[in-house]
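J.: My questions concern the predicted model and sequence given below.
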Amino acid sequence: MTSGSSPSPAAPGAPDGHRPLRRLAARGRHEAHRVSSPLELLFDLCFVVAISQAGTQLVHFVAEGHAGEGILNYAMIFFAIWWAWMNFTWFASAYDNDDVLYRVVTLAQIAGVLVLAAGVSRAFQDHDFVAVWLGYVIMRVAMSAQWLRAARNSRGAERTTAVRYAVGVLLCQVGWLGLFLPEGARPWVFLVMAPLEMCVPLFAEHGHTTSWHPHHIAERYGLFTIIVLGETVAAATVAVKSGIDEHDALGELLPIAVGGLLIVFAAWWVYFVVPAHDHLRSSRQAFVWGYGHYLIFASAAAVGAGLEVAVEQATGESDLTVLAASAAVTLPTALFFLTVWALHARHFKAGIAQQLVLPSTALLIILCTFLDDWAVLATGIVSALSVATGVILTARANIRGSTTPAPAAADSTGGRES
């Protein structure tokens, strides 16, 4: 994940800015006005299709009382989606030159995630991972091709890093053939291969880090968070609409709908209340922050699945207990708030009171699990109160800071001005 000395690619108005093929050179870390491209936005939307499929299957398994198996399959498939998305995001932040070849290879990665999405239901229901594996391989081989192209256009330590990435990515694909072992071995294959995949960037960037752009990375993660939360809203809305149309259960579903909406609003608020890019000052911080978003994205998507489960339980379409259906909402919600606090919110909080807001919120949300039919609404209210508390504490801290007299400036001899 480098120094700002790397040259920026040709601007659109430059002599070679409109050439169909351009040198894939590293971009500058401090490049001004760096924002997400239309291709990156399309990339995100297509990846959310796969997340939606995984969430739908998670709902079915949890609602049918097979939560353990559903969560395991969800964790494995979500890892494949998230890891491919994350690798492309960091690569694009450092090397996106937006020429024809770059676009074509990126579109191939999009095709790969759509193949993966098409195989999600068979992976869950029939334990057939062929399409999921094939889609993942398409994405990863395309990613390796991007790194090889970057290596071809670089020298020295930068070239070594690119080659390490390309080779590491391809070798891991061999390991994922273990998914075709007997069913009982697949969780063990995942437990071995997932950490190995995550070690590739650590190994590749040892000695030389790529020129990722802090503002661009923070924006990319933020946009994906918004899209995942939007998918959660869409899934919950469809579930509530179906419940009202088919069961005329407005009274039972209204608390779930209100609670779910408050959860999503609060989740958006706490994620974007602090400037995440200010925390991305080193590769070590960036690795922890970037990897930790697996839990943020997975939990945000799981909240939508949990709301669907709660709706099915409330309308009698599931035999789950109220406690189990409530836990399907409260546990991922608590995980989201706790992970957001751990990854970046805590770095911008002053004083013990501000630091305790989100961890305390996560604990209270877990306790809401035991409130029977009111669990989801109570979770939404706690989430909203958490936001209100944070706003009040921050406002008070700002007022105290503005009213505290500034210390007298020291003169050149070390004394105080009168």
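T.: Happy to help now that I have it.
J.: give me the number of residues near residue 268?
T.: By other CB atoms under 10 Å, 17 other residues sit near residue 268. The way it works is simple: take the backbone N, C-alpha and C, and place the C-beta from them, glycine included.
J.: wait, it sits on residue 227?
T.: No - Residue 268 is not in contact with residue 227 according to CB atoms under 8 Å; the separation is 11.6 Å.
J.: hang on, residue 121 is in a helix, isn't it?
T.: Yes - counting by DSSP: H, G, I helix; E, B strand; the rest coil, residue 121 is found in a helix.
J.: That one - nearest residue in space that isn't next to it in sequence?
T.: Of all residues not flanking residue 121 in the chain, residue 57 sits nearest, at 6.0 Å (CB to CB, 6 or more residues apart in numbering).
J.: Give me the pLDDT value at the one you found.
T.: pLDDT for residue 57: 90.
J.: Give me the three-state assignment for residue 128.
T.: At residue 128 the chain is in coil, as set by three-state DSSP.
J.: That one: neighbouring residues, count only.
T.: So residue 128, with other CB under 10 Å, has 13 neighbours.
J.: Test my guess that it contacts residue 121.
T.: No - look at residue 128 against residue 121 with CB under 8 Å: they stay out of range, at 9.5 Å.
J.: Contact partners for the residue nearest to residue 121?
T.: 70, 73, 74, 120, 121, 124, 125 (CB atoms under 8 Å, 6 or more residues apart in numbering).
J.: make it 6 Å
T.: When contacts are counted by CB atoms under 6 Å, 6 or more residues apart in numbering, residue 57 touches 120, 121, 124.
J.: Can you tell me the SS state at it?
T.: helix.
J.: And it, how far from residue 120?
T.: To residue 120, residue 57 is 6 Å away according to CB to CB, to the nearest Å.
J.: Spit out the residues that contact these two alike.
T.: Overlap of the contact sets of residue 57 and residue 120 (by CB under 6 Å, 6+ apart) is empty.
J.: Residue 298: what's its closest spatial neighbour, skipping adjacent residues?
T.: Using CB to CB, 6+ apart, the closest residue to residue 298 is residue 78 (5.0 Å).
J.: Quick check: that neighbour touching residue 297?
T.: No - Residue 78 lies out of contact with residue 297 (CB atoms under 6 Å); the separation is 7.5 Å.
J.: and these two? which has more neighbours close in?
T.: residue 297 (26 against 20).
J.: Next, the contact list for that one, please.
T.: If you count contacts by CB under 6 Å, 6+ apart, residue 297 has them with 82, 228.
J.: how far away is it from residue 214?
T.: From residue 297 over to residue 214 (counting by CB to CB), the distance is 19 Å.
J.: can you check residue 79 too?
T.: Per CB to CB, residue 79 is found 25 Å from residue 214.
J.: residue ranges of the helices in the stretch 251-400 of the chain, please?
T.: With DSSP state H, counting those that start in this stretch as the criterion, the stretch 251-400 of the chain has helices at 283-314, 322-343, 352-368, 375-403.
J.: List the buried residues for the shortest one?
T.: If I follow you right, that is helix 352-368. 354, 357, 358, 360, 361, 362, 364, 365, 366, 368 (16 or more other CB atoms under 10 Å).
J.: Kindly report the same for the second one.
T.: By neighbour count with 16+ other CB under 10 Å, helix 322-343 contains the buried residues 322, 324-343.
J.: and if you look at the first one?
T.: Residues of helix 283-314 classed as buried under the neighbour-count rule (16+ other CB under 10 Å) are 283, 285-287, 289-291, 293-314.
J.: Same question for stretch 57-77.
T.: 57-63, 67, 70, 73-77.
J.: What of stretch 249-258?
T.: Neighbour-count burial for stretch 249-258 [16+ other CB under 10 Å]: 249, 252, 253, 255, 256, 257.
J.: And the residue nearest to the last one when sequence neighbours are not counted, how close does it get to residue 252?
T.: Translated: residue 257. Spatial nearest neighbour of residue 257, chain neighbours left out: residue 240 (4.9 Å); criterion: CB to CB, 6+ apart. Here the criterion is CB to CB. By it, residue 240 lies 10 Å from residue 252.
J.: Check residue 165 too.
T.: 52 Å.
J.: do the same with residue 46
T.: Computed as CB to CB, the residue 46 to residue 252 distance reads 35 Å.
J.: how deep is residue 392 tucked in, by neighbour count?
T.: For residue 392, using other CB under 10 Å, the count is 12.
J.: any idea how far residue 229 is from it?
T.: Distance of residue 392 to residue 229, given as CB to CB: 24 Å.
J.: again, but for residue 384
T.: Per CB to CB, residue 384 is found 15 Å from residue 229.
J.: okay, these two: which has more neighbours?
T.: Using other CB under 10 Å as the criterion, residue 384 and residue 229 rank with residue 229 on top: 22 against 17.
J.: who touches that one in this structure?
T.: Neighbouring residues of residue 229 by CB under 6 Å, 6+ apart: 264, 268, 300.
J.: which one among those residues gets closest to residue 144?
T.: If you rank those by distance to residue 144 using CB to CB, residue 300 comes first, at 29.0 Å.
J.: Spatially, which residue comes closest to the closest one, not counting chain neighbours?
T.: Per CB to CB, 6+ apart, closest to residue 300 is residue 228, 4.6 Å.
J.: Is that neighbour located within a helix, as I assumed?
T.: Yes - per three-state DSSP, residue 228 lies within a helix segment.
J.: give the contact list for it.
T.: Contacts of residue 228 by CB under 6 Å, 6+ apart are 297, 300, 301.
J.: I'd like the buried residues of stretch 57-77 written out as JSON lines, with secondary structure added.
T.: Shown next, in JSON lines, are the buried residues of stretch 57-77 (three-state DSSP):
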{"residue": "57", "secondary structure": "helix"}
{"residue": "58", "secondary structure": "helix"}
{"residue": "59", "secondary structure": "helix"}
{"residue": "60", "secondary structure": "helix"}
{"residue": "61", "secondary structure": "helix"}
{"residue": "62", "secondary structure": "helix"}
{"residue": "63", "secondary structure": "helix"}
{"residue": "67", "secondary structure": "helix"}
{"residue": "70", "secondary structure": "helix"}
{"residue": "73", "secondary structure": "helix"}
{"residue": "74", "secondary structure": "helix"}
{"residue": "75", "secondary structure": "helix"}
{"residue": "76", "secondary structure": "helix"}
{"residue": "77", "secondary structure": "helix"}
